[in-house]
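Participant: all I have is the shape, not the residue letters:
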């Protein structure tokens, strides 16, 4: 039976209840009701769940806001449609969807049946060999293409690309139980003959560089399971903790599209491309409103431009919302190199000081963008210059043999872009 009400639990407390209803046109909507204990724990106006949804027991958010935010936790495209079909729910019914797939979402939220508490993380997990992992990867590719179903994939991960969540314990892989937090995300590589077959390779290399710059904590590498290539990335929203259920503590995160209230049922809405929203300036304002410095966002933007990452849209920028109420920019993720491909778009996902053409954006544009957020110009210059200097050093230090799938053209393109941006900074 499709769930019409689900409880949302965060950091060990029930924070809210989401209820499904339909408009006069039959469109599913989600209403949110705050839990009184959540108000007592975090206080009125607390943004522990979302920047868009401050806690206010007397004035719940509009259904449009609650629905847009909840939608942002769901997968996109065919993956969403096929997961909904497998669960027997409307793909636009977020409440019904998380009634089936709410045990392990991105971040720290857990959705459970009305009036129930989260189940303890069971040890009802299945150990997987290479063939078992490959089978799950093939299932998720088939699901994304609309050609298959899966009884084994129960976690919900946003995005368009076929991916799965698994538990890594020492040298072994395990398929988690529905309520158990996963430790790693495995994203399937494009077909060998595809123009973007090296996407997972350049993503692993880009994350390696980002770690060297202090912009991410993610470990990433490319691995092959019974002939299926994928990138394996550690989850930054899961922290080992012997006292937590399952030995992992969940950390809440919110992506920028959710924070800004952008409904991304239309995936194009996560790109700015000249629109008013999303914008780097508004994301920086979210960080400042929530007590976080926007400097790391400027550094991340510098990195994305130097790498030639055209996919740095609002769902690939997130904030961590910690249990104590503090907020920081999340570690970099889903960063890659694109501009060494002749077919690649040259349009950046976000406007930088009014410019979208990645070949026209200079270091001065980056400084001006940071200054428009309220950063003193000298500070913006320092962030841009230091990030480029550190990236140039990292490009000289990185072991390129550890990333054999990255073509020479990709490395040279990043080096050239890094040098050109650095020359244009005062």
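Facilitator: Done, it's in. Everything numeric in this text was worked out from a predicted model, so none of it was measured.
Participant: quick one: low-confidence parts of the chain?
Facilitator: Per-residue confidence for the chain (pLDDT under 70) gives these ranges: 1, 120-124, 145-156, 158-160, 246.
Participant: and the residue nearest the centre of it?
Facilitator: residue 316 (5.1 Å; CA atoms, centre = their mean).
Participant: does that residue really touch residue 333, like I thought?
Facilitator: Yes. If you go by CB atoms under 8 Å, residue 316 and residue 333 touch, sitting 6.8 Å apart. Every residue, glycine included, has its C-beta placed from N, CA and C.
Participant: all the helices of the chain, in order from the start?
Facilitator: 36-42, 63-71, 77-87, 94-101, 130-144, 199-212, 256-260, 280-289, 295-307, 363-372, 377-397, 408-423 (DSSP state H).
Participant: what angle do the longest one and helix 408-423 make?
Facilitator: Just to be clear, that refers to helix 377-397. Counting by axes from the mean of the first three to the mean of the last three CA atoms, to 10 degrees, helix 377-397 lies at 150 degrees to helix 408-423.
Participant: now swap in the fourth one and tell me
Facilitator: Relative orientation of helix 94-101 with respect to helix 408-423: 130 degrees, computed using the same axes, to 10 degrees.
Participant: how about helix 94-101: buried residues?
Facilitator: 94, 95, 96, 97, 98, 99, 100, 101 (16 or more other CB atoms under 10 Å).
Participant: got a list of what the fifth one touches?
Facilitator: If I follow you right, that is residue 98. By CB atoms under 8 Å, 6 or more residues apart in numbering, residue 98 lies in contact with 3, 6, 18, 70, 73, 74, 105, 111, 156.
Participant: how about the fourth one?
Facilitator: With contacts defined as CB under 8 Å, 6+ apart, the neighbours of residue 97 are 74, 80, 83, 84, 87, 89, 91, 156.
Participant: and which of those residues is nearest to residue 164?
Facilitator: residue 156 (11.2 Å; CB to CB).
Participant: include neighbour count and distance to residue 205 when you put the contacts of residue 97 into TSV, please.
Facilitator: Below are the contacts of residue 97 laid out as TSV (neighbours: other CB atoms under 10 Å; distance: CB to CB, whole Å):
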residue	neighbour count	distance to residue 205
74	24	30
80	22	29
83	24	31
84	21	35
87	19	37
89	22	39
91	20	35
156	22	28
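Participant: got these as CSV, with distance to residue 371 columns?
Facilitator: Formatted as CSV, the contacts of residue 97 follow (distance: CB to CB, whole Å):
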residue, distance to residue 371
74, 36
80, 39
83, 44
84, 45
87, 48
89, 47
91, 43
156, 39
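Participant: and residue 243, how many residues sit next to it?
Facilitator: 6 (other CB atoms under 10 Å).
Participant: what about stretch 347-366, how long is it end to end?
Facilitator: Terminal residues of stretch 347-366 are spaced 15 Å apart (CA to CA, to the nearest Å).
Participant: buried set for it?
Facilitator: 348-353, 356, 358, 361-363, 365-366.
Participant: farthest pair in the residues you listed?
Facilitator: 349 and 363 (18.7 Å).
Participant: walk me through the domains of the protein.
Facilitator: Domain assignment for the chain by automatic domain parsing gives 5-113, 126-234, 250-423.
Participant: who touches the nearest residue to residue 42 once chain neighbours are set aside in this structure?
Facilitator: Ranked by CB to CB, 6 or more residues apart in numbering and with sequence neighbours excluded, the top spatial neighbour of residue 42 is residue 48, at 5.0 Å. The neighbours of residue 48, taking CB under 8 Å, 6+ apart as the test, are 10, 11, 15, 38, 42, 55, 252, 321, 323, 325.
Participant: quick check, the last one in contact with residue 42.
Facilitator: Read that as residue 325. Yes. Between residue 325 and residue 42 there is a contact at 6.6 Å, judged by CB under 8 Å.
Participant: between those two, tell me which one has more neighbours.
Facilitator: Taking other CB under 10 Å, residue 325 and residue 42 do not tie; residue 42 has more neighbours (22 against 13).
Participant: so how far is residue 242 from the residue lying closest to residue 250 once chain neighbours are set aside?
Facilitator: Once flanking residues are discounted, residue 250 sits nearest to residue 108: 3.6 Å by CB to CB, 6+ apart. Distance, residue 108 to residue 242, using CB to CB, to the nearest Å: 18 Å.
Participant: by residue count, tell me the biggest strand in this structure.
Facilitator: Looking across the chain with DSSP state E, the single longest strand is strand 13-22.
Participant: just checking: what are the partner strands of it?
Facilitator: Using DSSP bridges, the strands paired with strand 13-22 are strand 5-10 (antiparallel), strand 28-34 (antiparallel).
Participant: residue contacts, the residue lying closest to residue 134 once chain neighbours are set aside?
Facilitator: Closest residue to residue 134 apart from its sequence neighbours, by CB to CB, 6+ apart: residue 226 at 3.6 Å. Taking CB under 8 Å, 6+ apart, we find residue 226 in contact with 130, 131, 133, 134.
Participant: if we can go back for a sec, nearest to residue 119, of the domains of the chain?
Facilitator: domain 126-234 (4.6 Å).
Participant: so residue 374 sits against residue 288, correct?
Facilitator: Yes. Residue 374 is within contact range of residue 288, at 7.2 Å (criterion: CB under 8 Å).
Participant: overlap in contacts, these two.
Facilitator: In contact with both residue 374 and residue 288: residue 294, using CB under 8 Å, 6+ apart.
Participant: and residue 373, how far from residue 284?
Facilitator: To residue 284, residue 373 is 4 Å away according to CB to CB.
Participant: next: residue 332.
Facilitator: 16 Å.
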